[in-house]
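Student: Using only what follows, build the 3D model:
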Amino acid sequence: MKRLSLMLPLFAVCAMVPCALSVPAQAADDDKVPYWASIDTDKAYMRVGPGDSYKIAWVYRRQHLPVRIIRREGPWRQIEDPDGDKGWMRDLLLSRQRAAIVRGDGLIELHAEGRDSSPMLWRVEPGVVGLLGECTDGWCAFDTDGHKGFVHEDSLWGAGEP
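Tutor: This next block holds a predicted model:
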């Protein structure tokens, strides 16, 4: 009986080891595509294939431009930009920080809170890029160069499910 009581702590430790060695949920989710990302540099090349030897298709000069990651191949990510163009970009040029771009034909309103009855703070034109906060009930927190507020989720590309 004494021998069994000495082994119980060992069994408890052994039972916890698989939990400690398992991959955290966040890390497992990082491998799933599609997902949203944003360009994390002032100048980024999109190539026609996953490698430096492939031709450059586009040069992006808009930090925080949202992109949809649709495929992974080693350190390369196949992206889709807001215009629907697809190509490959190095993961070092991308960030998981969510961003969005205003879409539509006219100005949209940036409100103080996530509801139509809240005060309008700014008007924002299509093509404006900003950092995206949490989206709730059809409204998203949006920050464009320090101008913070809430916009309708359907006015943004980069919000919602990828």
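Student: Looks like Arg68 contacts Trp36 (just checking).
Tutor: Yes. Arg68 is within contact range of Trp36, at 6.2 Å (criterion: Cβ atoms under 8 Å). Placement of C-beta: from N, CA and C, glycine included.
Student: Now Glu113. Nearest residue, chain neighbours left out?
Tutor: Sequence neighbours aside, Phe150 is the residue nearest to Glu113 in space, at 6.0 Å (criterion: Cβ to Cβ, 6 or more residues apart in numbering).
Student: next one: Pro119
Tutor: Counting by Cβ to Cβ, 6+ apart, the residue nearest Pro119 is Ala112, at 4.6 Å.
Student: Phi first, then psi, for Arg61.
Tutor: Dihedral pair for Arg61: phi -130, psi 40, per degrees, to the nearest 10.
Student: does the residue nearest to Pro119 really touch Trp122, like I thought?
Tutor: No. Using Cβ under 8 Å, Ala112 is not in contact with Trp122, being 10.0 Å away.
Student: between the two, who's got more neighbours?
Tutor: Ranked by neighbour count (other Cβ atoms under 10 Å), Ala112 and Trp122 place Trp122 first, with 16 against 12.
Student: and Ser118, how many neighbours does it have?
Tutor: Ser118, neighbours per other Cβ under 10 Å, totals 14.
Student: so how far is Ala141 from it?
Tutor: When Cβ to Cβ, to the nearest Å is applied, the distance between Ser118 and Ala141 equals 13 Å.
Student: shared neighbours, Ala112 and Trp122?
Tutor: Gly149 (Cβ atoms under 8 Å, 6 or more residues apart in numbering).
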